[in-house]
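Trainee: next comes the sequence, and after it the predicted model I'd like to discuss.
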Amino acid sequence: MEITYDLIKPIILEEKLDGSTMHCKFKIEGEVFESKYSVKIDSKDTSNKIKGMVKLNLISRMRSTLMRVIRTAVGGGIAGNTASMVGNEVVRTQTSGANYSVSDKQDAVVTAFERIRFNFFFDQEDKAWKIARRLSAFEKCLKAAPLTTPYDKKTLARLLLELAKADGQIAAEEKEFFQEFLDEDTGTFAELMRAAMLSKVELEEVSREGKENIFMIACAVTLADRSFDESEKTKLFEVAAMMMIAEARRNELLKMAQDYTIETAIQTSGVMSREEIYTFADKIGMDKAEAERAQIKYEKRQD
């Protein structure tokens with residue numbers, strides 16, 4: 001199905017052009033989903049046609065997908081200002097940047113939607129977009145026990161930042177990843193950077209419901225880089241031990257994160273061969289047979 005602006009117009013809640021980035025919010029079945037896309041004008045042709053759309057690499061697209069799931073897990077899946085918005089009235093703003101044509105902006109909105117399209121399907125009978133409800137085990141766990149307390153949310157943010165700093169530096173795309181879900185509960189990026197390493201006592205104080213999901217999210221964020229070295233594995237296992245997660249359950253949670261990572265790679269790539277699945281599995285420390293099984297389970301949910 002070809003995605004056009006008119007086809008998604010009924011679900012567009014907000015369009016905001018900030019510089020060369022189009023930030024969008026789409027409202028489907030009462031839930032709000034966010035996406036964005038960076039665009040640029042060819043310096044040789046400024047006649048209002050966007051050229052050279054910035055294509056995100058696989059890791060960036062996987063992080064974008066994971067961010068949506070994290071927002072759901074920390075209660076940020078629904079934008080706080082939607083209650084004040086009436087019907088399908090679209091909020092359109094432009095804070096800065098080039099004067100793009102209406103067509104340019106609509107193309108950017110369509111591309112932003114296509115980044116998260118796999119979360120939805122178009123019901124031909126009802127002529128409406130709907131959320132794909134067949135969730136993975138990873139997503140089911142997060143939705144069953146979302147992080148609701150400021151302490152749990154801040155602990156998650158601190159843990160993710162600790163893992164990101166493990167190699168001695170934080171890349172620009174990693175910083176952008178953090179900025180997308182930090183809020184008044186988690187504290188600012190600068191505040192988190194100054195925070196001390198999480199202690200055993202601090203991790204023990206995470207709510208019973210939050211411990212497993214914090215660990216599982218940390219695993220998924222680590223695996224999204226398509227790597228899982230011994231130092232990262234050791235750090236995550238230490239965290240699980242300090243949160244008193246039993247070894248067997250720890251391995252189950254890691255397996256769910258690995259399955260989810262494989263599924264996300266397939267979603268964002270469009271298609272992956274068996275050999276590509278095996279190669280990916282090696283990079284994230286996953287058994288090849290289990291990776292293939294994850295692929296089959298994902299395909300079954302799409303039927």
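Mentor: Here it is on my side, so go on. Numbering: from 1, shown residues only.

Trainee: CA atoms for contacts and neighbours, from now on please.
Mentor: Noted.

Trainee: so which residues of this structure form helices?
Mentor: Secondary structure of the chain by DSSP state H: the helices cover 5-8, 58-73, 102-115, 137-144, 150-164, 172-179, 189-194, 200-204, 208-223, 230-242, 247-269, 274-283, 288-302.

Trainee: give the burial count for residue 220, as a bare number.
Mentor: 23 (other CA atoms under 10 Å).

Trainee: I figured it was touching residue 262, is that so?
Mentor: No. Using CA atoms under 8 Å as the test, residue 220 is too far from residue 262 to be in contact (10.2 Å).

Trainee: and residue 29, its phi and psi?
Mentor: phi 50, psi 40 (degrees, to the nearest 10).

Trainee: I'd say it and residue 130 touch.
Mentor: Yes. Contact criterion CA under 8 Å: residue 29 and residue 130 qualify, at 6.4 Å.

Trainee: look at those two and report which has more neighbours.
Mentor: Between residue 29 and residue 130, residue 130 has the larger neighbour count (other CA under 10 Å), namely 15 against 10.

Trainee: what distance do you get for residue 192 to residue 157?
Mentor: 8 Å (CA to CA, to the nearest Å).

Trainee: pick out whichever of the two has more residues nearby.
Mentor: It is residue 157, of residue 192 and residue 157, that has more neighbours when counted by other CA under 10 Å, with 22 against 19.

Trainee: pretty sure that one contacts residue 188?
Mentor: No. Using CA under 8 Å as the test, residue 157 is too far from residue 188 to be in contact (9.8 Å).

Trainee: overlap in contacts of those two?
Mentor: Shared contacts of residue 157 and residue 188, defined by CA atoms under 8 Å, 6 or more residues apart in numbering, comprise residue 182.

Trainee: so where's the stretch 151-300 of the chain shaky on pLDDT?
Mentor: 167-168, 180 (pLDDT under 70).

Trainee: which ones are touching the residue nearest to residue 119 when sequence neighbours are not counted?
Mentor: Using CA to CA, 6 or more residues apart in numbering and skipping the chain neighbours, the partner closest in space to residue 119 is residue 132 (5.6 Å). With contacts defined as CA under 8 Å, 6+ apart, residue 132 is in contact with 118-121.
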